[in-house]
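Enquirer: for reference, the sequence and a predicted model appear below.
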Amino acid sequence: MEMSDEVLIDSSWVKVAGYYSIWDTHNINPYRVDGRRIRDTLTLKLVDPARQHFSKMPLTKTPVTSGFTFRWGRWHFGVDLDLNTGDSVRAAFDGVIRISKWDGGGYGNYLLVRHFNGIETLYGHLSKSLLPVGTFVKAGQVIGLGGSTGRSTGSHLHFEVRYEGNPINPTLMYNFPGYQLRNDNFTITSA
């Protein structure tokens with residue numbers, strides 16, 4: 001990944017890849033990058049202690065109730081994690097809130113956080129988003145409260161991981177039964 005631009009976030013200049021210079025607060029995937037066209041193998045640092053970048057789980061230990069799979073005639077691009085309405089939902093990595101809005105057709109109340117490692121995470125069906133767009137967050141910081149908004153049959157967190165707008169199965173990155181990262185780095189290869 002070639003780093004090009006720098007952006008000012010909370011008085012710190014942060015280098016970003018060219019496609020991340022797009023700051024769209026309405027569309028989950030404004031990048032128009034086809035993951036099948038990725039030719040190189042990319043290794044992303046999920047934790048970087050030298051830069052004080054760490055990872056946290058979005059919830060305390062809770063079961064996965066639905067996986068990254070094809071269901072009901074379409075793809076489910078994340079995992080559903082059981083919770084009670086009002087439970088704290090935490091940022092997975094340090095980053096900036098890029099989207100905080102209501103989607104009546106699916107996610108309900110949701111947040112999307114852009115992280116410094118090139119990944120974006122989405123937190124759906126929240127009863128309440130606690131932070132506005134542009135807010136810098138640290139891994140483990142409470143960003144919303146669990147709920148059952150949008151297309152939902154009960155309280156849960158819909159959790160997605162994306163790179164260049166392309167969904168990644170969160171179970172490839174996280175060991176949910178053990179509630180920890182599988183590795184400090186994550187490798188992306190051609191789709």
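Expert: Looks like it came in fine.
Enquirer: contact partners for the most centrally placed residue in the chain?
Expert: With distances taken as Cα atoms, centre = their mean, Thr121 lies nearest the centre of the chain, 0.5 Å away. Contacts for Thr121 (Cβ atoms under 8 Å, 6 or more residues apart in numbering) come out as Pro58, Ala91, Ala92, Phe93, Gly95, Leu112, Val113, His115, Phe159, Glu160, Val161, Arg162. The way it works is simple: take the backbone N, C-alpha and C, and place the C-beta from them, glycine included.
Enquirer: possible to save those as JSON lines with neighbour count and pLDDT?
Expert: Listed next are those as JSON lines, based on neighbours: other Cβ atoms under 10 Å; pLDDT from 0 to 100:
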{"residue": "Pro58", "neighbour count": "24", "pLDDT": "92"}
{"residue": "Ala91", "neighbour count": "26", "pLDDT": "97"}
{"residue": "Ala92", "neighbour count": "27", "pLDDT": "96"}
{"residue": "Phe93", "neighbour count": "25", "pLDDT": "94"}
{"residue": "Gly95", "neighbour count": "25", "pLDDT": "94"}
{"residue": "Leu112", "neighbour count": "24", "pLDDT": "98"}
{"residue": "Val113", "neighbour count": "25", "pLDDT": "98"}
{"residue": "His115", "neighbour count": "23", "pLDDT": "93"}
{"residue": "Phe159", "neighbour count": "24", "pLDDT": "97"}
{"residue": "Glu160", "neighbour count": "22", "pLDDT": "98"}
{"residue": "Val161", "neighbour count": "25", "pLDDT": "97"}
{"residue": "Arg162", "neighbour count": "21", "pLDDT": "95"}
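Enquirer: and the next helix or strand past the helix or strand hosting the residue nearest to the centre of the chain?
Expert: Per DSSP states H and E, Thr121 falls inside strand 119-126. Once strand 119-126 ends, the next helix or strand along the chain (criterion: DSSP H and E) is strand 128-129.
Enquirer: which neighbouring elements make contact with that following strand?
Expert: For strand 128-129, the elements it packs on are strand 108-115, strand 142-145, judged by 3 or more Cβ pairs under 8 Å, 6 or more residues apart in numbering; DSSP states H and E.
Enquirer: which elements pack onto the helix or strand following that strand?
Expert: Counting by DSSP H and E, the next helix or strand C-terminal to strand 128-129 is strand 136-137. Other elements packing on strand 136-137 under the criterion 3+ Cβ pairs under 8 Å, 6+ apart are strand 95-103.
Enquirer: okay, buried residues for the strand it packs on please.
Expert: Within strand 95-103, the residues that qualify as buried are Gly95, Val96, Ile97, Arg98, Ile99, Ser100, Asp103, counting by 16 or more other Cβ atoms under 10 Å.
Enquirer: you'd agree Pro170 is up against Gly78?
Expert: Yes. If you go by Cβ atoms under 8 Å, Pro170 and Gly78 touch, sitting 6.3 Å apart.
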